[in-house]
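Novice: The sequence and its predicted three-dimensional model are supplied below.
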Amino acid sequence: MYAGQVCTAGSRVSVHSSIQDEFTAAVLAGTQGMKIGSGFDPAAQLGPLVSAEQLDRVGSYVDIGKNEGAILVSGGSRVDRPGYFHEPTVFTGVTNDMRIAQEEIFGPVMAVLSFDDEEGAIRIANDTNYGLAAGVWTSDLDTSQRVSAALNAGTVCINSYQMVYPGVSFGGVKLSGHGRNLGEASIGELTQVKIVWTKVVETR
């Protein structure tokens, strides 16, 4: 999570066009003050990626985003220090057909997409091969229930994110739909089921 490598990372973010500039400014304010350092440093907010290979992979996606026409507004480079550190990176002007919006980067890269209405937001969210988790931010209760029901994802968080609890099952749909863990559903993942068929023949 603290390296941007969590499977439910909010890496593709759809924002209403009326607040996109305000939202982006708030994100940039947060990332620019972010402390990057060792996972053993309690003050660090962003740790290293898992390997040199993954660091190269994240860098290649930054290049892909720029080549696709997305606008790099923050970060985009390795951190000049020992270890596999990459700057928190933000792209705007992203469309849903771009690879940085469709593929799992597993690094601290955010793709900001824009929508004009509720139907557009749902269409963007569901137009992907993955469906592990999604989030909805709104001040309207009806909107939250309507949109969360329409999202094709295994977990939907409303006005929050990364919510996990041991008693609640966790898993996804589509290419993210590989079983469930946590909660009662996880018992099936840890159980070997044995079936015995017996034919009983009446004798006299």
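Specialist: Sure thing, it's come through. Predicted, not measured: the structure shown is a model, and the values here were computed from it.
Novice: Which parts of the protein are strands?
Specialist: Residue ranges of the strands in the chain, as given by DSSP state E, are 12-16, 71-74, 89-92, 109-115, 130-131, 133-136, 155-158, 173-174.
Novice: Let me know which of those strands is tucked in deepest.
Specialist: Ranked by average neighbour count under the criterion mean count of other Cβ atoms under 10 Å, the strands of the chain are headed by strand 89-92 at a mean of 25. In short, each C-beta sits where N, CA and C put it, glycine included.
Novice: what comes into contact with that strand?
Specialist: For strand 89-92, the surrounding residues in contact (Cβ atoms under 8 Å, 6 or more residues apart in numbering) are 20, 24, 27-28, 31, 62, 65, 70-76, 100, 107-112.
Novice: in its sheet, what does that strand sit against?
Specialist: strand 71-74 (antiparallel), strand 109-115 (parallel) (DSSP bridges).
Novice: Any idea how many residues pack against residue 85?
Specialist: Per other Cβ atoms under 10 Å, the neighbour tally for residue 85 reads 20.
Novice: contacting residues for it?
Specialist: 36, 46-49, 55, 78-79.
Novice: Redo these as a markdown table? Include pLDDT and distance to residue 164.
Specialist: Below are those laid out as a markdown table (pLDDT from 0 to 100; distance: Cβ to Cβ, whole Å):
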| residue | pLDDT | distance to residue 164 |
| --- | --- | --- |
| 36 | 95 | 25 |
| 46 | 93 | 20 |
| 47 | 94 | 19 |
| 48 | 95 | 23 |
| 49 | 95 | 22 |
| 55 | 97 | 27 |
| 78 | 96 | 30 |
| 79 | 95 | 29 |
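Novice: So which of those is the closest to residue 116?
Specialist: residue 46 (32.4 Å; Cβ to Cβ).
Novice: How about that closest one, nearest residue that isn't a chain neighbour?
Specialist: residue 36 (4.7 Å; Cβ to Cβ, 6 or more residues apart in numbering).
Novice: quick one, longest helix in the chain?
Specialist: The residue-count maximum for a helix in the chain (DSSP state H) belongs to helix 52-68.
Novice: got the contact list for that one?
Specialist: Contact partners of helix 52-68, identified using Cβ under 8 Å, 6+ apart, comprise 5, 49, 72, 76-78, 84-86, 89, 91, 94, 98-100, 103, 105-109, 111.
Novice: Identify the residues contacting the helix or strand bottoming out on mean pLDDT in the chain?
Specialist: None of the helices or strands of the chain scores lower by mean pLDDT, DSSP states H and E than helix 185-189, at a mean of 84. With contact meaning Cβ under 8 Å, 6+ apart, helix 185-189 is reached by 169, 171, 179-181.
Novice: one more time with 7 Å
Specialist: Identification of contacts with helix 185-189 by Cβ atoms under 7 Å, 6 or more residues apart in numbering yields 169, 179-181.
Novice: and stretch 66-85, how far apart are its ends?
Specialist: In stretch 66-85, first residue to last residue: 20 Å (Cα to Cα, to the nearest Å).
Novice: now swap in stretch 119-138 and tell me
Specialist: Start-to-end span of stretch 119-138 (Cα to Cα) is 15 Å.
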